[in-house]
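**Q** Predicted model and sequence below, questions to follow.
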Amino acid sequence: MSYRILITGLISLAPLPLAAEEAADLRELLSRSILGKDTALKEVQDFCESRIVKMPDVADRASWERTAEQLRRDVLDKVIYRGQAAVWRDAKLRIDWLGQIEGGPGYVIKKLRYEALPGLWIPALLYEPEKLSGKVPVAMNVNGHDGKGKAADYKQIRCINMAKRGMIVLNVEWLGMGQLRGENYVHYRMNQLDLCGTPGLAPFFLSMKRGLDVLLAHKHADPQRVCVSGLSGGGWQTIVISSLDTRVTLANPVAGYSSFRTRVRHFSDLGDSEQTPSDLATVADYEHLTAMMAPRGLLLTYNLKDNCCFASGHALAPLLAAARPVYRLYDREDRLNTHINQDPGDHNFGLDNRQALYRILGDQFFARSDDYKKDEIPSEKEVKTADQLQVELPKDNADFNSLAKGLLKELPRDAALPSDKSAAEQWQRRKSARLSELIKAKPYEVNAESPGSAEKGALKAAYWKLRIGNWTVPAVELTKGEPRGTTLLLADGGRSHAIEAMAKLLADGRRVVAIDFFYHGESKISSHDFLFALLVAAVGERPLGIQASQVAAAARWLDKGRELGAVTVAAHGARSSLAVLAAAALEPGSIGEAELHGSFGSLKQIIEENRAVNTAPEIFCFGLLEEFDIKQLAALATLPARQTSPMRSVAFQDPNERLQREISELGEWRKRLAR
């Protein structure tokens, strides 16, 4: 079945049976390798590496301080507090104190929850010394990808030891861990918020910021002695909050991060969604964040043979190279410290790493104390169970999916279609420019190289390497007899996933050019694929924009001369359909018709179906749903290149009920504009 905007209604298209022999021939012709081994991987590495912002030259303290302040503003305003996050930022802090339990000799544990943003409560524990007077040091202890969360024994021991040294310590739960382990807190679902134009990074950052607010509201908190420490994802949290919130005076990230430039070449360091947020690397690398700690205290702890990520051998040196010159400007190189753990040397915040923290606390927070203990105080018997540390949470506590669903109600904004021809031309210019900006589309040219050809029976195949901007796109041109038209074909998973469709097109006299566009088929990244797609977004580009730009460029290449008429672009699968729809919306001159099989009915389905970015990273394009849904993209794709040209066609094949409902008005809308 087909739904054509050009002619309102449903059309039956019975597929032709495909002979086994012809299917085998097609499969053989399509299976020939065109790209070299790891071409897609090498190209995405080079692409990302060249776009990572570099550390500026450090000339003098005054210019650095201006730079650092601008960096903080830019990261906060251009990366974190976009969209609804700016409203969340300004919400009033709410704290619920929920009683206390006995800790151990000299301290108690108070249970609390606080709102990171309206509706999202974070469970936490406050370790408070029993005897407090005056102002004392405080610490916020965060943690990483440990399912035990705030109940992890090594984290409890750290909190206990700090409390026994007279510090007030906040042990906070991390999204996705401990009490917040539900599937809707999985970090790859934070990108649902990105699609809506609100950073999924914001809940992470606000959780940390509100934690500091809670801690520093304590009447005995010394604002001059504020520490944050954490392992792995907690190390990432530590450098992010500490570099951007100058209330932190000492930070100890443990095996928590490396430079984006390091990550490009050391795959173990490629981080989850929160560590690789959209656009961060256009403003600041982790080298910058490290240097932004100056002249405050910083202990960079790494492990010699880390079995997870961020091993000292490759992660530490670039960070020190960036930070040391800045600390030197302040004549405070003594506050930039490192510790490399050799025993056990794996991914840990064990005894040796904890004692490195206690030593730096003694040097920077307790320098005047004669009885400060730098060795760990045995506390294993005081470790509590997860049940004992349980903090009551609201049954309807917000999560990534519920937050994204809350944003859907008013999206997309400015959704109305133009009412007449004169309005349509202006609307097309404005919306095309905005779509291009959102997906970071590029007007690539094609340099084509043919590595050979082949024949099987009546089928002829020409192979192409299409150099499109930074990318090499493999293409197979298929003909059967004398062609009477051209179809550019794409499929989710690559060119071998639409053999029946190719056979039908060839039988209809079409020349079929099947390409494997970015992230699919031979263009699929061979290692850590979706993590590199996240990095593409972090350096300011968009996987969807790369795909749409490749499709548009290939269509222009095929359109030159128009020997076979305007190019039809056919997509098989929801992901390919979105890329083709975006390309058609931006390329009215070369794409005569878009034919979409299996298209989303609405981008809202991505959130309604609770999808995660690791399954299809390009569909989570930042801010796309804030301004466009399938209906708006389809409307834009039907408008002609010039007012005097005819309307173009978008054919939705086998539309589901949702799609028919969403685009039901487009048929009449087209007729109205065509009058």
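**A** Yep, it's here.
**Q** now residue 228, what's its secondary structure?
**A** strand (DSSP: H, G, I helix; E, B strand; the rest coil).
**Q** Near it, how many other residues are there?
**A** Residue 228 sits with 30 neighbouring residues when counted by other C-beta atoms under 10 Å. All C-beta spots, glycine's among them, are computed from the backbone N, C-alpha and C.
**Q** can you check residue 104 too?
**A** Around residue 104 there are 17 residues (other C-beta under 10 Å).
**Q** That one contacts residue 379, doesn't it?
**A** Yes: using C-beta atoms under 8 Å, residue 104 is in contact with residue 379, at 6.6 Å.
**Q** Name the residues contacting each of the two.
**A** Residues touching both residue 104 and residue 379 (C-beta atoms under 8 Å, 6 or more residues apart in numbering): 160, 164.
**Q** The nearest residue to residue 582 once chain neighbours are set aside: what's it in contact with?
**A** Leaving aside its sequence neighbours, residue 582 sits nearest to residue 548 (C-beta to C-beta, 6 or more residues apart in numbering; 4.0 Å). Residues counted as contacts of residue 548 (C-beta under 8 Å, 6+ apart) are 439, 441, 579, 580, 582, 583, 586.
**Q** can you check residue 277 too?
**A** 79, 80, 199, 200, 201, 537, 538.
**Q** Check whether the third one really touches residue 82, as I assumed.
**A** Read it as residue 199. Yes: taking contacts as C-beta under 8 Å, residue 199 lies within contact range of residue 82: 5.6 Å.
**Q** out of these two, which sits in the more crowded spot?
**A** Higher neighbour count among residue 199 and residue 82: residue 199, with 28 against 21, using other C-beta under 10 Å.
**Q** List the contacts of the closest residue to residue 533 other than its chain neighbours.
**A** Take residue 533 and drop its neighbours on the chain: the residue closest to it by C-beta to C-beta, 6+ apart is residue 617, 3.7 Å away. By C-beta under 8 Å, 6+ apart, the contact list for residue 617 reads 191, 519, 530, 533, 534, 537, 543.
**Q** ok, now with 7 Å
**A** 530, 533, 534, 543 (C-beta atoms under 7 Å, 6 or more residues apart in numbering).
**Q** In helices only, show me the residues you listed.
**A** Under the assignment DSSP state H, the contacts of residue 617 contribute 530, 533, 534, 543 to helices.
**Q** Serialize these to TSV and add fields for distance to residue 165.
**A** Formatted as TSV, those follow (distance: C-beta to C-beta, whole Å):
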residue	distance to residue 165
530	43
533	45
534	39
543	48
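**Q** Output these as JSON lines; include the columns pLDDT.
**A** Listed next are the ones in helices among the contacts of residue 617 as JSON lines, based on pLDDT from 0 to 100:
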{"residue": "530", "pLDDT": "96"}
{"residue": "533", "pLDDT": "98"}
{"residue": "534", "pLDDT": "98"}
{"residue": "543", "pLDDT": "98"}
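**Q** of the residues you listed, closest to residue 44?
**A** Set against residue 44, the nearest of the ones in helices among the contacts of residue 617 by C-beta to C-beta is residue 533 (8.2 Å).
**Q** Thought residue 543 was touching the closest one, still the case?
**A** Yes: the criterion here is C-beta atoms under 7 Å, and residue 533 meets it with residue 543 at 4.8 Å.
**Q** Between these two, which contacts overlap?
**A** Listed as contacting both residue 533 and residue 543 by C-beta under 7 Å, 6+ apart are 519, 617, 618.
**Q** picking up where we left off before, can you redo the contacts of residue 277 as TSV with pLDDT and secondary structure?
**A** Below are those laid out as TSV (pLDDT from 0 to 100; DSSP: H, G, I helix; E, B strand; the rest coil):
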residue	pLDDT	secondary structure
79	98	helix
80	98	helix
199	98	coil
200	98	coil
201	98	helix
537	98	helix
538	98	helix
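**Q** In the residues you listed, find the pair that's most separated.
**A** Maximum pairwise distance in the contacts of residue 277, criterion C-beta to C-beta, is 14.7 Å, between 80 and 537.
**Q** how does this protein divide into domains?
**A** Here the domain parsing of the chain from automatic domain parsing is 2-13+38-49+410-674, 61-384+401-406.
**Q** Quick one: closest of those to residue 31.
**A** Comparing the domains of the chain under C-beta to C-beta, the one sitting nearest is domain 2-13+38-49+410-674, at 6.5 Å.
**Q** What does residue 446 show for phi and psi?
**A** Residue 446 has phi and psi values of phi -110, psi 130 when expressed as degrees, to the nearest 10.
**Q** ok, now the one 4 residues further on?
**A** The phi and psi torsions at residue 450 (degrees, to the nearest 10) take the values phi -100, psi 110.
**Q** With that, I have no additional questions.
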